[in-house]
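In: could you look at this predicted model? Sequence included:
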Amino acid sequence: MLVIAADSETGKNIGYCICSVFNDYGEIDSIFVEEQYRKHNVGNEFMIKANQFFRDHSVKNKFLSVYVGNEQAILFYNRHHYYQKHIILEKKD
C-alpha cells in the first residue's frame, strides 16, 4: 500500500506511507513527513490507514524498523502501540 499526503493549499506532496503484507505479517516499510508538516497529524493519519490496511488483510503480526537514535520516531510509534522487540547488530567492514 502506498499513501501520499499533499498540502491542501499548494498541492505539494508532503509525506508518504508504504506498507506491505506477506501471509499474516504486516510491515510499515516507510513513513516520511516533511519536517514543517510534522505535528499536524499527518503521521497519525498514516498510522490509521496502515492499521486499517492490516485489518483488511487479516494481519496478526505487525512490525516496523527504526534506526537507533531516532528517538522522535520511536516515541511516535510507541504512542501507536509499537514497542521494541529486537535489536539487530551490524558489522562494519
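Out: It's in.

In: so for the chain, the centremost residue is which one?
Out: The residue lying closest to the centre of the chain (CA atoms, centre = their mean) is I31, at 4.2 Å.

In: how much space separates that one from A5?
Out: Remark: distance between I31 and A5 (CB to CB, to the nearest Å) = 10 Å. (Each C-beta comes from the backbone N, C-alpha and C, glycine too.)

In: hey, what's in contact with both of the two?
Out: Shared contacts of I31 and A5, defined by CB atoms under 8 Å, 6 or more residues apart in numbering, comprise 15-16, 46.

In: out of the residues you listed, which are inside strands?
Out: Cross-referencing the shared contacts of I31 and A5 against strands under DSSP state E gives 15-16.

In: among the shared contacts of I31 and A5, who's most crowded?
Out: Sorting those by how many neighbours each has (other CB atoms under 10 Å) puts F46 first, at 22 neighbours.

In: tell me the pLDDT of that one.
Out: The confidence metric pLDDT takes the value 98 at F46.

In: beta partners for the closest residue to it other than its chain neighbours?
Out: In space, F46 comes closest to C17 once its chain neighbours are excluded; the distance is 3.8 Å by CB to CB, 6 or more residues apart in numbering. For C17, the beta-bridge partners are V3, I31 (DSSP bridges).

In: how many neighbours does C17 have?
Out: Using other CB under 10 Å, C17 is surrounded by 24 other residues.

In: same question for V3.
Out: Residues lying near V3 (other CB under 10 Å) number 15.

In: from Y77, how far off is E71?
Out: 11 Å.

In: Q52 too?
Out: Separation of Q52 from Y77 (CB to CB) stands at 17 Å.

In: which one of these two has more residues nearby?
Out: Per other CB under 10 Å, whichever of Q52 and Y77 has more neighbours is Y77, with 19 against 11.
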